[in-house]
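Novice: Here you go, sequence then predicted model.
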Amino acid sequence: MVKLIATDLDGTLMAPDHMTVTQRTKDALFAAHEKGVRIAIATGRTLSFTDSVTAQIPFADYVISSNGAAVYDRNEEKYVYSTLIPNKDVIEAVEFLNTLPVHYHIYLGGRIYIQKSAMSFSADTGLPEDFLKDFLSRVQLCDSLTDVIGSQDAEVIDVFSMGEHEAEIVELFRKKKLVMTSAVRGELAATAVGADKGTALSGLCGVLGITADEVMSFGDAENDCPMLEFAGLSFAMENGNAVCKSAAKAVAPSNAVDGVAQMIEKYAL
């Protein structure tokens, strides 16, 4: 019996515009929720960048954000789990990235921060232009990221437009023993060890007293693999990559044809 549904957003729950939850998908999720199934969205986005999604599915119970770095209980309005990058490593990474012609941003306290000097966004991510404009309208611009970070730990260091400097950045993250993954083309996202969607989902199940066999999960990209491997019933989207499909128990129709809704209707309702 399915007691918890955990779904990625971009390329999975969302329509191809990355902004819309279709009516069929909303209806399927709501029907499952009415049966007592908990709903969690699990995303590489930070918490503040999920508002437009939870506005469409306001009954969602949990947000697993920043690739699993944090879990937020929307009913209790508090974080119930976090695994963050230590402050020292964040500061050193920022100081190094500031010497390179790359775009990067930091996920900190549920928000996205970009230093003005790194604002140029020229990476070919394959994401729709309207989505990128919406993303950039939500970030917090600052003159100095080190000043904003202060003594705080961070959720994610997200780098784009690496070009010839990719190997240097990978080596830096490797030395810091950070976990590297990617959700879109041209991205390198670094999180602390233990900060992935699978570990976060497992931690949430521990809080709820739910076993992996009672979880249904959905994803389409590399950063979804730990979550798909954990859940007893997991689906890679047809539009997902090969690595994701190898981690899942089955393949769902693409997000363009409400694949998440179809599988919920078949297996949870």
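Specialist: Received the coordinates, thanks.
Novice: Excluding sequence neighbours, find me the nearest residue to residue 2.
Specialist: What sits nearest to residue 2 in space, not counting adjacent residues and going by CB to CB, 6 or more residues apart in numbering, is residue 268, at 4.4 Å. Placement of C-beta: from N, CA and C, glycine included.
Novice: Neighbours of the one you found, how many?
Specialist: 18 (other CB atoms under 10 Å).
Novice: Same check on residue 76?
Specialist: 10.
Novice: swap in residue 1?
Specialist: Neighbourhood size, residue 1 [other CB under 10 Å]: 8.
Novice: Go ahead and confirm it touches residue 216.
Specialist: No. The criterion here is CB atoms under 8 Å, and residue 1 misses it with residue 216 at 10.3 Å.
Novice: If I look at residue 167, what pLDDT would I see?
Specialist: As predicted, residue 167 sits at a pLDDT of 93.
Novice: Please name the spatially closest residue to residue 223 (chain neighbours excluded).
Specialist: Nearest one to residue 223, counting by CB to CB, 6+ apart, is residue 181 at 4.3 Å.
Novice: ok, so what distance separates that neighbour from residue 247?
Specialist: 12 Å (CB to CB, to the nearest Å).
Novice: now swap in residue 215 and tell me
Specialist: Separation of residue 215 from residue 247 (CB to CB): 14 Å.
Novice: the more surrounded of those two?
Specialist: Higher neighbour count among residue 215 and residue 247: residue 215, with 25 against 20, using other CB under 10 Å.
Novice: Who is that one paired with across the strands?
Specialist: Beta-bridge partners recorded for residue 215 (DSSP bridges): residue 4.
Novice: quick one, strands of the stretch 1-150 of the chain?
Specialist: Ranges of strands within the stretch 1-150 of the chain are 4-7, 38-42, 62-65, 70-73, 78-82, 103-108, 111-115, 140-142, based on DSSP state E, counting those that start in this stretch.
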